[in-house]
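**Student:** I would like the atomic coordinates for the input below:
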Amino acid sequence: HTVCQLALNEICAAFGGLSGLLFIVDAETEAIQLMAQVKFPDELLRFMMERFQAGAGVTGWVVRHRQTVVLDDVANDPRWISISASDSPRSGVSVPLLSGEDLIGVLTLSAPGRAFFTPEYCRLLESAAATIAIAIFNAQLFGKVQQRAREREYISEIARALNILDMHEAFPVLARGVFD
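**Tutor:** Modelled structure (predicted):
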């Protein structure tokens, strides 16, 4: 979460205080999980997340097609999810976070002005998205390495307890593994 939130904060600030969402995509199921947000009200987030989980919206489209989408006027694109026209921004962009061929996530930004995301902005966003994808991938890999280290330590602890052959010491270790 920290890597995602830091990255999104920097991107939104660099582009002039935009609203943004950053999602992680499960490689097997393509389910999305919101990892970071900037300037989105909770009510709007809940409403949007119900639809995103069903694969709808611009984010769902980006997950399926793995391509950047630029919306000069979100009101004219049915993929843009909003509660009402009054709360909706005027333009948006959604960029896949790719690590090689693997889809890591989706970065979506919105702006109050129409046609805000110029081709230059989009090139910068795609470049930043590649860096963000690598950072997220590395953070995920680090988490997996830490989990494996914890598992190995637990297995070693079980082996030590079993080698002692003192069931009074072995059972608490085994029980802790079952309930952890």
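
**Student:** Shouldn't Leu22 be within a helix?
**Tutor:** No. Applying DSSP: H, G, I helix; E, B strand; the rest coil, one finds Leu22 to be strand, outside a helix.

**Student:** Contacts only, for it.
**Tutor:** Leu22 makes contacts with 4-5, 7-8, 34-37, 97, 105-108, 132, as judged by CB atoms under 8 Å, 6 or more residues apart in numbering. Every C-beta, even on glycine, is put in place using the N, C-alpha and C of the backbone.

**Student:** redo that, cut-off 6 Å
**Tutor:** Cys4, Leu8, Met35, Ala36, Leu107 (CB atoms under 6 Å, 6 or more residues apart in numbering).

**Student:** Can you check the pLDDT for the second one?
**Tutor:** What that stands for is Leu8. In this prediction, Leu8 carries a pLDDT score of 90.

**Student:** before we move on, what about the last one?
**Tutor:** According to the predicted model, the pLDDT of Leu107 comes to 94.

**Student:** One more: the first one?
**Tutor:** In the prediction, the pLDDT value recorded for Cys4 is 88.

**Student:** ok, it touching Val38?
**Tutor:** No. Cys4 is beyond contact range of Val38, at 10.8 Å (criterion: CB atoms under 6 Å).

**Student:** Please say which of those two ends up with more neighbours.
**Tutor:** For Cys4 versus Val38, neighbours defined as other CB atoms under 10 Å are more numerous around Cys4 (23 against 18).

**Student:** Would you confirm that that one belongs to a helix?
**Tutor:** Yes. Counting by three-state DSSP, Cys4 is found in a helix.

**Student:** which residues sit in contact with it?
**Tutor:** Cys4 sits next to Leu22, Met35, Ala36 when contact means CB under 6 Å, 6+ apart.

**Student:** who are the neighbours of the host helix or strand of the last one, in terms of helices and strands?
**Tutor:** Same thing as Ala36. For Ala36, the host element (DSSP states H and E) is strand 32-38. Where contact means 3 or more CB pairs under 6 Å, 6 or more residues apart in numbering; DSSP states H and E, strand 32-38 is packed against helix 2-14, strand 19-25.

**Student:** Reformat the ones you listed as a markdown table; add distance to Gly143.
**Tutor:** Listed next are the helices and strands packed on strand 32-38 as a markdown table, based on distance: least, CB to CB, whole Å:
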| stretch | distance to Gly143 |
| --- | --- |
| helix 2-14 | 10 |
| strand 19-25 | 12 |
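
**Student:** residues near the nearest residue to Leu98 once chain neighbours are set aside, how many?
**Tutor:** Take Leu98 and drop its neighbours on the chain: the residue closest to it by CB to CB, 6 or more residues apart in numbering is Ala133, 5.6 Å away. Using other CB under 10 Å, the number of residues around Ala133 comes to 22.

**Student:** Next one: Ala133 from Ile158, what distance?
**Tutor:** For Ala133, the distance to Ile158 equals 38 Å [CB to CB, to the nearest Å].
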